[in-house]
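Participant: structure of the sequence below:
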Amino acid sequence: MDRRTLLGAGVSASGLMLIGGAAAQAAFPSHALRIFVPFAAGGPTDIMARNVAQKLTDALGQPVVVDNRPGGGAQIAVAALKQTPPDGHAFFIGDFGALAVNASLYRNHSYDPIKDFKPLTMLMSAPIMLLVRSDSPIKSMRDIVSMAKSGRPVAMASTGVGTGGHLALEMFKYMAGIEIVHVPYKGGVPALVDIMGGQVDAMFAVLPAALPQAQAGKVRFIATGAAKRVAAFPDVQTTAEAGFPDLTMEGWFAAVILAGTPDPVVRRLSAEIGRAMRDPAVTKRFVDFGFSVEPGTPEQLGALMKSEVERWGAVVRRSGATVD
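Facilitator: This is a model prediction of the structure:
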């Protein structure tokens, strides 16, 4: 075979490879997709995932189902995800606990959020709010600091060890140089009940968790961890304005997929999920709950995850918080 024939054969083979690769990409998706969610049905993450699933079903032409696997700090859901091939037909939607905090919090954590996943897109976020009961004498973060330094014990609630509210409390305690009694609860409802009843003094919570109580005048926000004041509560100062600029904090939710998933599939899913979240009806639903809907690129989410893993890892280590 002469040189010209060899070159021709090589070009033909390369063309076949390109055609084959394009065909493989065009074939996605070839069957139903699953979204693994580490929480029970009915919560904001589940509701968001079901909205995304409905829109993706229409966009991709294949059924998209939500698979709820609560427990274990998201490890149960991630273990189930890892049993699937990295071909794009299964992905994970979780919060910043699952994607940034838990790897430092759990003694024997079973996944690395940076190494085991490829980022797809940010979905939505909500600011952390510092709240007290409506008739509390506490009007500001400085009031809490003064109270603690006067020798009067300050008790603050959270929805559990290692949750966003607990980590915000630990950061506040460290930055202010004060002691705070941490009172963990099994969920937001009992914590808010005790806030309103005066059993505990204050609590950090994401805005949607306490929005109904605030609107009803049962609790009062005294600070927000958002970078700027929340439009619905313009009189509530930011933590930076209160003298704690490093306490800027939001709870966020995102979609990730297994490492090893082909990049063209990642790009397509990222775009379609972002399009689903930008749907006006979907956006309005979550904005009404107190969330900001802000899908972005895989690169943006990847940078956020790396930054948050480092930030919350340091907070967890300093606090000594652990979960077996």
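Participant: what distance do you get for Lys173 to Val323?
Facilitator: 19 Å (CB to CB, to the nearest Å). Where C-beta positions appear, they are placed from N, C-alpha and C, glycine not excepted.
Participant: and the two? which has more neighbours close in?
Facilitator: Lys173 (20 against 15; other CB atoms under 10 Å).
Participant: hang on, the more buried one packs against Ile180?
Facilitator: Yes: assessed by CB atoms under 8 Å, Lys173 is found in contact with Ile180 at 4.7 Å.
Participant: which non-adjacent residue is nearest Arg278?
Facilitator: Pro295 (6.5 Å; CB to CB, 6 or more residues apart in numbering).
Participant: where's the one you found relative to Ala259, distance?
Facilitator: 21 Å.
Participant: what about those two, which has more around it?
Facilitator: Pro295 (22 against 12).
Participant: check contacts around the more buried one.
Facilitator: Thr121, Met122, Leu123, Ile273, Gly274, Met277, Arg278 (CB atoms under 8 Å, 6 or more residues apart in numbering).
Participant: which phi and psi values does Ala314 adopt?
Facilitator: When read as degrees, to the nearest 10, the backbone of Ala314 gives phi -70, psi -40.
Participant: go ahead and confirm Met129 touches Gln213.
Facilitator: No: with contact defined as CB under 8 Å, Met129 does not count as touching Gln213 (10.9 Å).
Participant: neighbour count winner among those two?
Facilitator: Met129 (30 against 21).
Participant: what backbone torsions are found at that one?
Facilitator: Torsion angles, degrees, to the nearest 10, at Met129: phi -120, psi 140.
Participant: could I get the contacting residues of it?
Facilitator: Residues near Met129 by CB under 8 Å, 6+ apart: Phe204, Ala205, Val206, Leu207, Ala210, Phe221, Ala223, Thr224, Gly225, Val230, Val236.
Participant: in strands, which of these appear?
Facilitator: Under the assignment DSSP state E, those contribute Phe204, Ala205, Val206, Phe221, Ala223, Thr224 to strands.
Participant: so where do the strands sit in the stretch 201-324 of the chain?
Facilitator: Assigned by DSSP state E, counting those that start in this stretch, the strands in the stretch 201-324 of the chain fall at 202-206, 219-224, 250-258, 292-293.
Participant: before we move on, what about the stretch 51-200 of the chain?
Facilitator: Under DSSP E, counting those that start in this stretch, the stretch 51-200 of the chain gives strands at 64-68, 90-95, 117-133, 155-158, 181-184.
Participant: thinking again about what came up before, most surrounded residue in the contacts of Pro295?
Facilitator: Most surrounded of the contacts of Pro295: other CB under 10 Å gives Leu123, at 28 neighbours.
Participant: just give the closest residue to that one, not the sequence neighbours.
Facilitator: Per CB to CB, 6+ apart, closest to Leu123 is Phe253, 4.6 Å.
Participant: next, count neighbours for that neighbour.
Facilitator: 22.
Participant: nearest to Gly198, out of the strands of the stretch 51-200 of the chain?
Facilitator: strand 117-133 (6.1 Å; CB to CB).
Participant: ok, Ala227 - how many residues close by?
Facilitator: That count, for Ala227 with other CB under 10 Å as the rule, works out to 12.
Participant: just the one 4 residues further on next, same as before
Facilitator: Here the number of neighbours of Ala231 (other CB under 10 Å) works out to 7.
Participant: backbone dihedrals for it, please?
Facilitator: Per degrees, to the nearest 10, the backbone of Ala231 is at phi -60, psi -40.
Participant: what about it, distance to Ile180?
Facilitator: 29 Å.
Participant: where does the protein have its least confident helix or strand?
Facilitator: Lowest on mean pLDDT, DSSP states H and E among the helices and strands of the chain sits helix 3-26, with a mean of 45.
Participant: ok, back up a step: next, format the strands of the stretch 201-324 of the chain as CSV and append distance to Phe28 and mean pLDDT.
Facilitator: Listed next are the strands of the stretch 201-324 of the chain as CSV, based on distance: least, CB to CB, whole Å; pLDDT from 0 to 100:
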stretch, distance to Phe28, mean pLDDT
strand 202-206, 35, 97
strand 219-224, 41, 98
strand 250-258, 12, 98
strand 292-293, 26, 96
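Participant: closest to Ala79 out of those?
Facilitator: strand 250-258 (12.1 Å).
Participant: just checking: what are the partner strands of that closest one?
Facilitator: strand 90-95 (antiparallel), strand 117-133 (antiparallel) (DSSP bridges).
Participant: ok, now which ones touch the closest residue to Pro63 other than its chain neighbours?
Facilitator: Nearest residue to Pro63, sequence neighbours excluded (CB to CB, 6+ apart): Ala32, at 4.3 Å. Counting by CB under 8 Å, 6+ apart, Ala32 touches Gln62, Pro63, Val64, Val65, His89.
Participant: measure Ala32 to Gly165 for me?
Facilitator: From Ala32 to Gly165 the distance is 37 Å (CB to CB).
Participant: ditto for Ala276
Facilitator: Applying CB to CB to Ala276 and Gly165 gives a distance of 29 Å.
Participant: those two: which has the busier surroundings?
Facilitator: Under the criterion of other CB under 10 Å, the comparison of Ala276 against Gly165 puts Gly165 first, with 28 against 23.
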